[in-house]
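Undergrad: Compute the structure for the input listed below.
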Amino acid sequence: MPRPRCMDPDDLWKLGEAFLSYAGEEMLYYGTTTEKLDALLEDGLEAPSHWGTLEMATLRAEEAAEEDGGDPVVITKSMTDFSTTALQADEDAIKTPAQSIVARSEEQIAEEWEKSDKSWEDSLDLAESVLYDGHLEISEDEIDHI
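TA: Got it, this is the predicted structure:
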């Protein structure tokens, strides 16, 4: 009878990450450029910072690359890395949503925002963006080149 094969620890870790993602662990994403990576890796990300969905972070990364040079990158962090008391609604994104990625019109967003609790969760749902008012350390394994 063949011996059961043991899984490589790195593969096991990747499987665990995939399971958590599948199981609904929420992630937040930050878009930037390779021009700023060295400083982010050394000093971390200062407050306030704009986080959101992958689509929003990708858009912001592409805009940053156009403005600042370098290539667009997205930083991925688990919700467990954030203090929820430091997460805030991104009122600028509510007022002027990125129409290319947000599924609602400005009028719909404004109307739903007025009916909401105006929480960071509502901001993420309606405008796909939140502000984080805290310092965050960034590591290489959280960076994805797009």
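Undergrad: residues near the nearest residue to Glu91 once chain neighbours are set aside, how many?
TA: Nearest residue to Glu91 in three dimensions, chain neighbours excluded: Ser123, at 7.7 Å (CB to CB, 6 or more residues apart in numbering). To be clear about C-beta, it is placed using only N, CA and C from the backbone, and glycine gets the same treatment. Ser123 is flanked by 23 other residues according to other CB atoms under 10 Å.
Undergrad: just checking, Ser123 touches Ser129?
TA: Yes: the pair formed by Ser123 and Ser129 meets the contact definition of CB atoms under 8 Å, at 6.4 Å.
Undergrad: what's near enough to touch Pro97?
TA: Pro97 makes contact with 104, 106, 109, 126-128, according to CB atoms under 8 Å, 6 or more residues apart in numbering.
Undergrad: repeat that for 7 Å
TA: Pro97 makes contact with 106, 109, 127 under the criterion CB atoms under 7 Å, 6 or more residues apart in numbering.
Undergrad: Next, it: secondary structure please.
TA: Per DSSP: H, G, I helix; E, B strand; the rest coil, the local secondary structure of Pro97 is coil.
Undergrad: hey, where'd the helices end up in the chain?
TA: Remark: helices assigned in the chain by DSSP state H are 9-22, 37-43, 54-68, 91-95, 106-115, 120-127.
Undergrad: The nearest residue to Trp113 once chain neighbours are set aside and Val74, how far apart?
TA: Excluding its sequence neighbours, the residue lying closest to Trp113 (CB to CB, 6+ apart) is Ile94, at 5.3 Å. According to CB to CB, to the nearest Å, Ile94 stands 22 Å off from Val74.
Undergrad: Thanks a lot, see you next time.
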